[in-house]
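**Q** Test case, fold it:
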Amino acid sequence: MNEESGRAILRDLRRFGGDTTLVECKKAAGGVPDNLASTICAFANMPSKGLILLGIDERSNFAMTGVGDPAKMMQAVADQTRGAVEPAPPLEFSDLKLDGKAVVAVQVTPLSPLEKPARYRGEAYLRYADGDYVVNANELRMIQVEALHSQERVSYDQGTVEGTSVVDLDHDLLADLLKSARNSSRRLKHVDNDEQVLRLIGVINDGGDLTLAGLYALGYFPQGRQPALAATAAARVPRDDSGVRNRNLTHFDGPLPVMLEDIVEWVRQNTSSERVYQASGHMVNRPEFPPSAIRELVANALVHRDLGPDTVGLGKRVEVRVTDDELIVTSPGGLRGVSQRQLESPNELHRVPVNQRLYEIVKLVQTSEGNPVIEGEGGGLREVFAATRDADLPRPRLIDTGVQFTVKLSRLPYFSPEDERWLKEQTAESLTHMQKAVLVGLRDGESWSLSRMIREFSPLTLTEARAQIEDLQEHLPLEVTEDGAVELESPGPVDDNVGPDLRSLGKNVPLIASFLQSVAEASINEIVQNVNLSVGQVHYGLRPLREHGFVEMVGAQGAKTTTYRWRRPT
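**A** I've put the predicted structure just below:
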């Protein structure tokens, strides 16, 4: 880990207001914190790497307190881990300088599935939200299942629900399924017997009983047999003296497609919207979250939830929660066959269904509005990332603990009001979320590159990232170096005859001023050709000259015939 990545992590922590599941900050003022071993143990049992930052005070908005002797701290952490955590996970240490203070970064690599669980004082721990907790027996079994080869795992969605039959199915969904199955397969097209089609696609078994997948996807009331095949949603209320903890608590039942529609509608009703003007001049209601993103998140949670005895058998359901700061969607069971890092990869589509039979059935089913429940190409989360990005929202946070999977959408603005005002001062053009983030970051001294854009704004190709910067270059002085780094306003030669007051207005301002003093007036293209700057750099340099009365614009803004004239005597 380097200083730049450390600063980026701190920016995110401050934006979200606390530690995260995979990042823990500790002040460590008196040496190694007493509870550090439980945190390392919890990270060792997680599917993904965890990060501990020592020398940062979370309670003071992640202020740098520093570590007196980084080398001594690293050795103490390593010794404590070897002595207290069994088996001890691999640790990787970094000594960072943040805000002039020494910070020790400890990256914890999770144990392999065959080595898990790690234990501290006889207990296995996992991370949840920003804390460590002792896992229960059922969660421990779910962790141990990961050590099984894929051929040894039970496909619970193909299990039989005894005493059920096609009579228990929703007749409208059943008719649509049969039609869709025959239309999508040349083989099934020639099977006239409906029950034979249902048997071939896994809705019923050879004896006519429904499979769990068939009941969940198509049953009129699946919860009568398996109550955990339901979902709940609630809006959490901040704690006060009223005693009220939730409002609009709703329980959803029925087949999976019906629950999907009902939950999406509940989210719409329990989040805000605003009236905005479209480019056409028409006013529309814009929801707080993109509907496509909400739909994909809920569909993924319902379809890819764990259906084993350690979740369904214990009544664990899909849960949706709305707080003042977040929308949270949680499904029982962790990721299977794909890592969180792969899901966030900018270049790959990942189609690794947890419940293969259920997945294939719901691909054939539509909602009452005629929309497919899932598109079946593994691109659902890519749509979530793209839709939230294009809506100017913070990137969704994915959290896989191995026993449950959670996605959090922030309700807090990505840019502060000060950021928005500053951006409007830079250009009158409408900017994309990516362009805003790059500009604000460069203003604040961050390092940006095309590769960082691809990583942070995926799904995004190199061509798309370059197009974002090229569009900005039409209005602002940005450059892309040979190694892909993005820089704001590259320096141009300075005319020493121009006073220091012009230098303070921008690096390229003196050069533009010198040229305009030598001619009567000039157009943008003429200035570009004579001072060897880009169009964006020239526009950027002219703005402060006009604001301070050195230059006047002759003509209309944006017109090709518009010229610029020097007003001050040389």
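**Q** And L472, its phi and psi?
**A** The phi/psi pair for L472 (degrees, to the nearest 10) reads phi -60, psi -30.
**Q** Distance check, it against Q435.
**A** Here the distance between L472 and Q435 works out to 5 Å (CB to CB, to the nearest Å). To be clear about C-beta, it is placed using only N, CA and C from the backbone, and glycine gets the same treatment.
**Q** go on, L96?
**A** As defined by CB to CB, L96 lies at a distance of 29 Å from Q435.
**Q** Equivalent analysis for L51, please.
**A** According to CB to CB, L51 stands 29 Å off from Q435.
**Q** ok, now A230?
**A** In terms of CB to CB, A230 sits 43 Å off from Q435.
**Q** Check L358 too.
**A** Computed as CB to CB, the L358 to Q435 distance reads 41 Å.
**Q** Comparing the two, which residue is more hemmed in?
**A** L358 (28 against 21; other CB atoms under 10 Å).
**Q** tell me the contacts of that one?
**A** Going by CB atoms under 8 Å, 6 or more residues apart in numbering, L358 touches 157, 212-213, 216-217, 303, 307.
**Q** Now for these: which two are most distant?
**A** Using CB to CB, these reach their maximum pairwise distance at L212 and V303, which is 13.0 Å.
**Q** need the contacts of L358 in a markdown table with secondary structure, pLDDT and neighbour count, can you?
**A** Formatted as a markdown table, these follow (DSSP: H, G, I helix; E, B strand; the rest coil; pLDDT from 0 to 100; neighbours: other CB atoms under 10 Å):
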| residue | secondary structure | pLDDT | neighbour count |
| --- | --- | --- | --- |
| D157 | helix | 96 | 26 |
| L212 | helix | 98 | 26 |
| A213 | helix | 98 | 27 |
| Y216 | helix | 98 | 29 |
| A217 | helix | 98 | 34 |
| V303 | helix | 96 | 25 |
| L307 | coil | 96 | 26 |
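**Q** out of these, who's nearest L409?
**A** Nearest to L409 out of these is V303 (CB to CB; 18.8 Å).
**Q** Is R7 in a helix, a strand, or coil?
**A** Secondary structure, DSSP: H, G, I helix; E, B strand; the rest coil: R7 is helix.
**Q** Okay, now the unreliable bits of the stretch 401-550 of the chain?
**A** 489-501 (pLDDT under 70).
**Q** where do the strands sit along it?
**A** 404-410, 448-449, 478-480, 485-488, 521-523 (DSSP state E, counting those that start in this stretch).
**Q** okay, the ones you listed, which one's buried deepest?
**A** The highest mean neighbour count among the strands of the stretch 401-550 of the chain, using mean count of other CB atoms under 10 Å, belongs to strand 404-410: a mean of 22.
**Q** Please name the residues that touch S447.
**A** S447 touches 4, 485, counting by CB under 8 Å, 6+ apart.
**Q** For it, what are phi and psi?
**A** Per-residue torsions, S447: phi -100, psi 120 (degrees, to the nearest 10).
**Q** I'd like the mean pLDDT over stretch 96-108, please.
**A** Averaging pLDDT along stretch 96-108 yields 92.
**Q** And it, what's buried?
**A** 96, 98, 102-106, 108 (16 or more other CB atoms under 10 Å).
**Q** Could you do stretch 230-241 as well?
**A** Going by neighbour count (16+ other CB under 10 Å), the buried part of stretch 230-241 is 230-231, 233-236.
**Q** Next: stretch 516-527.
**A** Going by 16+ other CB under 10 Å, stretch 516-527 has these buried residues: 516, 521-524, 526-527.
**Q** And stretch 282-300, by the same measure?
**A** Neighbour-count burial for stretch 282-300, counted by 16+ other CB under 10 Å, picks out 288-290, 293-300.
**Q** Same check on stretch 267-277?
**A** 267, 270-271.
**Q** who's in contact with that stretch?
**A** Stretch 267-277 is contacted from outside by 233, 235, 248, 283-289, 291, 294, 298, 320, 322, 327, 411, using CB under 8 Å, 6+ apart.
**Q** again, but for stretch 210-227
**A** The contact list for stretch 210-227 (CB under 8 Å, 6+ apart) reads 156-161, 164-166, 168-171, 173-174, 177, 198, 202-205, 229-230, 253-257, 307, 312, 315, 355, 357-358, 361-362, 365.
**Q** Starting from V108, give me the distance back to the most centrally placed residue in the chain.
**A** Nearest to the mean C-alpha position of the chain, by CA atoms, centre = their mean, lies P396 at 2.4 Å. Distance from P396 to V108, counting by CB to CB: 24 Å.
**Q** In contact with the nearest residue to I527 once chain neighbours are set aside, which residues are there?
**A** Among residues not flanking I527 along the chain, V538 sits closest, at 5.1 Å (CB to CB, 6 or more residues apart in numbering). By CB under 8 Å, 6+ apart, the contact set of V538 is 508, 512, 524, 527-528, 531.
**Q** Kindly provide the distance from V538 to V108.
**A** To V108, V538 is 51 Å away according to CB to CB.
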